[in-house]
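Engineer: Sequence first, predicted model second:
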Amino acid sequence: MSEENKLSVLVVGGGGVGTIVAVNLEAGGHAKVTLVLRSNFSKVSRDGFSIRSVDHGNLNGWRPHEVVDQVPAIGFGKPGFDTVVCCTKNIQDSTPSIEELIRPAVTPGYTTVVLIQNGLNIELPLVAQFPQNVILSGVSFMGSHEPEPGIIEHDFEDKLVVGAFRNPGTSAALSNARARDFVGHYSAGGKTVCEYTADANRSRWEKLVYNATMNPICAILRTDTATLRLSDSIENLVRPAMEEIRAAASANGYNLDASIAQRMIDMDPMEIFFKPSMCMDALKGNLIEFENLVGEPLRAGKKHGVAMPVLTVIYDMCKMLQWQLKAAREGRSQEDMLKVYDSGKP
């Protein structure tokens, strides 16, 4: 395919997941990718990525079509992007918001926005900001992280489920067609499993069985999923939390299979002592994306009268952890913390 006929894609977030998304899109030959980097920009612009991938093998010095250190603005003779793919963490405690971040690159009524991010109801701010744009949901089941700037370790195969979020300002037929088109582009390289779904939120609820339980518990304890299983804490902590997510999903119209809890418990191979993404962020001193992963399903369940005592405790402990992380990042002393407490401000 000629360069001018390739899909012009902006991928925002060049960490573990976003980099593999960019690799896969370019591998298919259907897209030219501009990748937005932050802390790793200098390293990658100089040396490229060093990637060890279960799907793509070892790639040394890899770069996409272009790397940039900020979201490009359209206009002034610069062509717009066909698709903007968001692979950043979705953290409500940080600024700018994702819709503010990508706004300069989105052509109203034209650009397709793809959210390859975790959590529930993440599309609502995008629908409000871009009422005439197609918004797609991408639920990724890959395991990939960046232990050092520019070093990508992709351990679990790339599986992506894509569907359309409902945006009242766009037709359902157009949104579903764009979702199927993206699946085709992403699958073109033959290196991944990418599937279309007519119901994007079902896949999100399914992933929350893991992401609202194992993920935050490991972050709170700074431990791995194998240790959770070895410590015999599954039956009194993890499984009850997973069943609460199932109950919340059912109350919201999604009846998840009774076996899903055990599948999620067994998902990570014991021998690798896997630390989920929220745990890795906490260990690095980064803020955690707990509101959309724990808070939103908790609120969605309670809205329908679902009792969720275990998830409530997990949520409150995540709030405490986030407070600690923010205090450390801002260099607050104990004296500073007491001043914050006395002022009644978070």
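Structural biologist: Thanks, I have it. Residues are numbered from 1 along each chain as shown.

Engineer: Identify the residue spatially nearest to the residue positioned nearest the centre of the chain, adjacent ones excluded.
Structural biologist: Most central in the chain under CA atoms, centre = their mean is Gln117, positioned 2.5 Å from the mean C-alpha point. Spatial nearest neighbour of Gln117, excluding adjacent residues (CB to CB, 6 or more residues apart in numbering): Asn90 at 4.8 Å. From N, CA and C alone the C-beta is placed, and that goes for glycine too.

Engineer: you'd agree the one you found is up against Gly119?
Structural biologist: Yes - with contact defined as CB atoms under 8 Å, Asn90 reaches Gly119; the gap is 5.7 Å.

Engineer: okay, and the common contacts of the two?
Structural biologist: Common neighbours of Asn90 and Gly119 (criterion: CB atoms under 8 Å, 6 or more residues apart in numbering): Glu289, Asn292.

Engineer: Any regions of the stretch 51-200 of the chain where pLDDT drops low?
Structural biologist: Scanning the stretch 51-200 of the chain with the threshold set as pLDDT under 70 gives 75-79.

Engineer: in it, which spans are strands?
Structural biologist: 57-62, 66-68, 83-86, 112-115, 135-140, 143-148, 151-156, 159-164, 193-196 (DSSP state E, counting those that start in this stretch).

Engineer: Can I get the third one in CSV? Just the C-alpha atoms.
Structural biologist: Written as CSV, here are the backbone C-alpha positions of strand 83-86 (Å, rounded to 0.1, in the frame of the first residue of the first chain):
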residue,chain,number,x,y,z
THR,A,83,-7.7,7.9,13.7
VAL,A,84,-6.5,8.9,17.2
VAL,A,85,-5.7,6.0,19.5
CYS,A,86,-5.5,6.7,23.2
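
Engineer: Relative to Val310, how far out is Met317?
Structural biologist: Met317 is 11 Å from Val310, where distance means CB to CB, to the nearest Å.

Engineer: of those two, who's got more company?
Structural biologist: Neighbours were counted for Met317 and for Val310 using other CB atoms under 10 Å; Val310 has more, 20 against 17.

Engineer: packing partners for whichever helix or strand the more buried one is part of?
Structural biologist: Using DSSP states H and E, Val310 maps to helix 309-329. Under the contact criterion of 3 or more CB pairs under 8 Å, 6 or more residues apart in numbering; DSSP states H and E, helix 309-329 touches helix 214-221, helix 239-251, helix 290, helix 296-303.

Engineer: Fine by me, thanks again.
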